[in-house]
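**Student:** Quick one, what's the 3D model for this:
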Amino acid sequence: MPSVPSVVEVAAAIITRNDGSFLLARRPEGKPYAGYWEFPGGKVNPGEPLLHALKRELLEELGIHVKHAYPWIVRAFTYPHATVRLHFYRVLEWHGEPHPYEDQELSWQLADNISVEPLLPANAPVLHALHLPPVYGITNAAEWGPKVAAARIEHALQKGLRLLQLREKGIQGKALDTFTREMTALAHHYGARILVNSGTGNASLCHEFGMDGIHFTSADLMHLSKRPDVKWCGASCHNAEELFRAGQLEMDFAVLAPVLPTSSHPDSPALGWRKFARLIHGSSIPVYALGGLGSEDLAIAWEHGAHGIALMRRIGQACDIGRKA
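**Tutor:** Numbers count the residues shown, from 1 in each chain. Modelled structure (predicted):
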């Protein structure tokens, strides 16, 4: 019986500057896929902690000392020569200027304007995920009223909010159509993406108003047989099973809640940060933290592996952090 090839564990870095650009490296001659561009990093030695491997590789390859690196996502990919499991970290602070110490080329790139090619095949979903901002806003017109909600959302968009979910189960008919049309126009005016919650509308509503995708409730997620044909898909999750299903369907991201106690769901037990981190550990897709959070919680969310935070009642705080990487 032929032996099953072992999985190569790799620590990979999303090294990000304040302008949102990230570093790619071109593989030198003599390595598999020479000439292809990839995220910096390298193999994890047997028994070596992942973060230690990341820091070691970046020092050896680029000459930089990592100050802050946060766990992000884990992606597996099978090449003809090996199966690799890429443990991605987001590196936001480091000492030193990156230098190509292993004869590789380096280039700073933006997710919406990649100018180098070819890219390693495993990186396509990673680059797609890098379009996601750190803050995910959620509408709340049923509680605030459409006019107040629109004003608060526009203020957040003016200050940098770039991802919005239309979640309006309490308004219907013409009022919902009007609010949907207004929010879509506002979001696109400021260069933001807007998704409709599946409890508010469906793919037909998404296409009718020119929205960018759908955010599925956890119940709808578990009844999906395949990902719909829209550019962006998110999903609400509350447990490991739902997170697994979101990854299995290749959702672009998930939202896990509630992290902290929240007035909107007072009877729902809060996960707490330790359980949140345990549930999303090894996730193949980015996960936002939701529930009782504010702008002051972004750093702790990153430390526990979240892509960012989702805000509804405190959406105005998105203006403080909407542009951060």
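
**Student:** residue closest to the middle of this structure?
**Tutor:** Taking CA atoms, centre = their mean, the centroid of the chain lies closest to residue 286, which sits 3.7 Å from it.

**Student:** got the contact list for that residue?
**Tutor:** Shown in contact with residue 286 (CB atoms under 8 Å, 6 or more residues apart in numbering): 72-73, 129, 132, 252-254, 307-308. (Each C-beta comes from the backbone N, C-alpha and C, glycine too.)

**Student:** And for residue 140?
**Tutor:** Applying CB under 8 Å, 6+ apart, we find residue 140 in contact with 149, 167, 312-313, 315.

**Student:** try residue 111
**Tutor:** If you count contacts by CB under 8 Å, 6+ apart, residue 111 has them with 20, 22, 127, 130-131.

**Student:** Repeat that for residue 276.
**Tutor:** Shown in contact with residue 276 (CB under 8 Å, 6+ apart): 256, 259, 289, 304, 306.

**Student:** Which element, helix or strand, includes residue 34?
**Tutor:** Assigned by DSSP states H and E, residue 34 belongs to no helix or strand.

**Student:** And for it, the neighbour number?
**Tutor:** Close neighbours of residue 34, defined as other CB atoms under 10 Å, add up to 11.

**Student:** what do you get for residue 97?
**Tutor:** The burial count for residue 97: 8, using other CB under 10 Å.

**Student:** Leaving aside the residues adjacent along the chain, what's closest to residue 146?
**Tutor:** Of all residues not flanking residue 146 in the chain, residue 179 sits nearest, at 5.0 Å (CB to CB, 6 or more residues apart in numbering).

**Student:** how far away is residue 8 from residue 279?
**Tutor:** 26 Å (CB to CB, to the nearest Å).

**Student:** Looking at these two, which is more packed in?
**Tutor:** A count of neighbours by other CB under 10 Å puts residue 279 above the other of residue 8 and residue 279, at 20 against 14.

**Student:** what about the longest helix in this structure?
**Tutor:** Taking DSSP state H as the criterion, the chain has its longest helix at helix 173-189.

**Student:** Beyond that helix, next helix or strand please.
**Tutor:** Toward the C-terminus, helix 173-189 is succeeded by strand 193-197 as the next helix or strand (DSSP H and E).

**Student:** Residue 167 touches residue 200, doesn't it?
**Tutor:** Yes: with contact defined as CB atoms under 8 Å, residue 167 and residue 200 form a contacting pair (6.0 Å).

**Student:** quick one: the helices in this protein?
**Tutor:** Going by DSSP H, the chain shows helices at 50-62, 124-129, 141-144, 146-158, 173-189, 203-208, 218-223, 240-248, 272-280, 298-303, 318-321.

**Student:** Check which helices and strands the second one is in contact with.
**Tutor:** Going back to what we said before, that points to helix 124-129. Here helix 124-129 touches strand 65-78, going by 3 or more CB pairs under 8 Å, 6 or more residues apart in numbering; DSSP states H and E.

**Student:** And the first one, by the same measure?
**Tutor:** Helix 50-62 makes packing contacts with strand 7-15, strand 41-43, strand 65-78, strand 83-95 when contacts are defined by 3+ CB pairs under 8 Å, 6+ apart.

**Student:** Please name the residues that touch the closest residue in space to residue 232 that isn't next to it in sequence.
**Tutor:** Nearest residue to residue 232 in three dimensions, chain neighbours excluded: residue 213, at 3.1 Å (CB to CB, 6+ apart). Contact analysis of residue 213 by CB under 8 Å, 6+ apart lists 193, 195-196, 206, 230-234, 252.
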